[in-house]
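1. please find the sequence and the predicted model below.
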Amino acid sequence: MKKIIYISILITFLLPSHLLGALVTKTLVKDAQAKHGDFAKKRFLSLYKDLLVKLKNKSEMEKLTAVNEWYNYIQYRSDIKVYGITDHWAALYEFVGRGMGDCEDYTIAKYCTLKALGVSPKKMKFGYVVYKSRSGKNISHMILAYLTKAKPKSKKDILILDNINKKILPASKRKDIIKLVKLMNGDTGAASKKWKQMQLDMKRKKL
């Protein structure tokens, strides 16, 4: 136990003041621990060490895979249960700090992390889709779409990063996604009210 605590303290001490666009800082780690406890601190240290550091010089596909897997370990919870409202777009810091969230939160966090790792926002889209559950129920859902080509010619050219089916697959192989309602740009398009608020919360590092 003492060794684990020592390593955690050492990693925190070694954190530079600004990392990859200041996604994680010493102050953030301390604030997360104060507000959400030791597990929140460990999540942010892992985000720094296992994603931002280890993936910095990896291929784009390796970044997509690792980021998708890392966030999919976070627990799914509806906005009602977490925030007491029906629809809230959480900043990455809220999602990681609380250790729970819904499909929009997974999508936003993956997008922000991949962007910090150098993946172009032009390659990533927010997709509103209709997902058919195993019980046959149609569910409104959000995914992160990664474009393997600047102008996709088919569903094969779009990879889906998702918290339901945890494997990254081309859209052509996601038969459970029965309808694409809308594809939206992140930083590269017109900003909605929710997007603007989420960006503001990201700048504030809202926990």
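-> Received it, and whenever you're ready, just let me know what you need. Numbering: from 1, shown residues only.
2. list the buried residues for stretch 171-179?
-> Ala171, Arg174, Asp176, Ile177 (16 or more other C-beta atoms under 10 Å). For every residue, glycine as well, the C-beta is placed using N, CA and C.
3. in strands, which of those residues appear?
-> Judged by DSSP state E, strands contain the following of the buried residues of stretch 171-179: Ile177.
4. quick check: the farthest pair among the buried residues of stretch 171-179?
-> By the measure C-beta to C-beta, the buried residues of stretch 171-179 have their two most distant members at Ala171 and Asp176, which lie 11.0 Å apart.
5. want to throw the buried residues of stretch 171-179 into a markdown table with pLDDT and distance to Ile164?
-> A markdown table is the format used below for these (pLDDT from 0 to 100; distance: C-beta to C-beta, whole Å):
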| residue | pLDDT | distance to Ile164 |
| --- | --- | --- |
| Ala171 | 94 | 14 |
| Arg174 | 94 | 10 |
| Asp176 | 94 | 8 |
| Ile177 | 94 | 9 |
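6. Ala90: which of the buried residues of stretch 171-179 is nearest?
-> For the buried residues of stretch 171-179, the nearest to Ala90 is Ile177 (22.8 Å; C-beta to C-beta).
7. can I assume that closest one is in contact with Tyr128?
-> No: counting by C-beta atoms under 8 Å, Ile177 does not reach Tyr128; the two are 10.7 Å apart.
8. what residues are shared contacts of these two?
-> His141 (C-beta atoms under 8 Å, 6 or more residues apart in numbering).
9. which residue comes closest to Leu117 once chain neighbours are left out?
-> Distances taken as C-beta to C-beta, 6 or more residues apart in numbering put Lys63 closest to Leu117, at 5.1 Å, once the chain neighbours are dropped.
10. endpoints of stretch 36-53, how far apart?
-> By C-alpha to C-alpha, to the nearest Å, the extent of stretch 36-53 from end to end equals 24 Å.
11. mind listing what's buried in that stretch?
-> His36, Ala40, Lys41, Lys42, Arg43, Phe44, Leu45, Leu47, Tyr48, Leu51, Leu52.
12. how about the first one, what does it touch?
-> Same thing as His36. Gly97, Arg98, Gly99, Leu207.
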